[in-house]
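S.K.: I'd like to go over a predicted model; first the sequence, then the structure.
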Amino acid sequence: MLEMNKETKEKMRRYFINSDPFLWNVLKNRNKKGRLSELKEMGFLKNYSEGSNFTYGKINQDLLVELGIEGILKRIVIKRVKDLFKSDILQYFRRCWEQGQTPTLDYLKRQRLYRKHHLTNDATLEEGWAKFRVSGYKEPAFVFFQIDTRYDFVERWTVFAGLWFEEIEPLFDSAK
């Protein structure tokens, strides 16, 4: 279990319940039905019936009751981040964070963390561009970065990046 004092627990709980996107965007799925299914596959929220349509606020509260903020961080967030990003990439991100810069988009592409999404409408689909249909952002880079997809550049760090480098990662490192 992660060792957190009461103040840190409360701060992390507030960040969790007020975060957007849900669970800081660490889940694979990008819609509520898929996210619920993924959480159930991980062994959580077993009392939710198939086709449940609870609000994210209710899901957050139920996860807090079931796992506590420590369990959410350790069993979902840290686990998913470690699955998505190799340790050398996280170290590189940390160095960038500490220097106040973001990695280049080319770096993210070379590491297979981002690919350009071509968003289309039905008119372009009729013109034979169906291969470019994309719904949502599924790339791992979106966990740590806001990327301007129109002009194709890394705009800034996400709120989660600050939480990861300043709060979560030090907790995880101290729990080893």
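M.R.: Yep, that arrived. The model shown is predicted, which means the values in this text are computed figures rather than measured ones.

S.K.: rest of the way, CA atoms for contacts and neighbours
M.R.: Will do.

S.K.: quick check: end-to-end length of stretch 79-90?
M.R.: Using Cα to Cα, to the nearest Å, one end of stretch 79-90 lies 13 Å from the other.

S.K.: buried stuff in it?
M.R.: 80, 81, 84 (16 or more other Cα atoms under 10 Å).

S.K.: quick one: which helix or strand includes the second one?
M.R.: Put plainly, it is residue 81. Take DSSP states H and E as the rule and residue 81 turns out to sit in helix 79-84.

S.K.: nearest to residue 116, of the buried residues of stretch 79-90?
M.R.: Nearest to residue 116 out of those is residue 84 (Cα to Cα; 18.2 Å).

S.K.: grab the nearest non-local neighbour of the closest one.
M.R.: residue 140 (6.6 Å; Cα to Cα, 6 or more residues apart in numbering).

S.K.: can you pull the contacts of the one you found?
M.R.: 26, 84, 85, 113, 114 (Cα atoms under 8 Å, 6 or more residues apart in numbering).

S.K.: domains of this structure?
M.R.: Split into domains by automatic domain parsing, the chain comes to 6-86+162-174, 103-158.

S.K.: pLDDT on the last one, on average?
M.R.: So that's domain 103-158. Averaging pLDDT along domain 103-158 yields 74.

S.K.: ends of it, what's the gap?
M.R.: Start-to-end, domain 103-158 (Cα to Cα) is 13 Å.

S.K.: use 56 as the first number from now on
M.R.: Okay, using 56 as the starting number, the last item reads as domain 158-213.

S.K.: mind giving me the packing neighbours of the host helix or strand of residue 216?
M.R.: Assigned by DSSP H and E, residue 216 falls within helix 214-218. The contact analysis (3 or more Cα pairs under 8 Å, 6 or more residues apart in numbering; DSSP states H and E) places helix 214-218 against no helix or strand.

S.K.: got the contact list for that helix?
M.R.: Counting by Cα under 8 Å, 6+ apart, 79, 198, 199, 200 sit against helix 214-218.

S.K.: the first one and residue 162: what is the separation?
M.R.: As judged by Cα to Cα, residue 79 and residue 162 stand 22 Å apart.

S.K.: next: the third one.
M.R.: Between residue 199 and residue 162 the distance is 14 Å, computed by Cα to Cα.

S.K.: for the two, indicate the residue with more neighbours.
M.R.: residue 199 (21 against 11; other Cα atoms under 10 Å).

S.K.: who's in contact with the more buried one?
M.R.: Taking Cα under 8 Å, 6+ apart, we find residue 199 in contact with 212, 213, 214, 215, 216.
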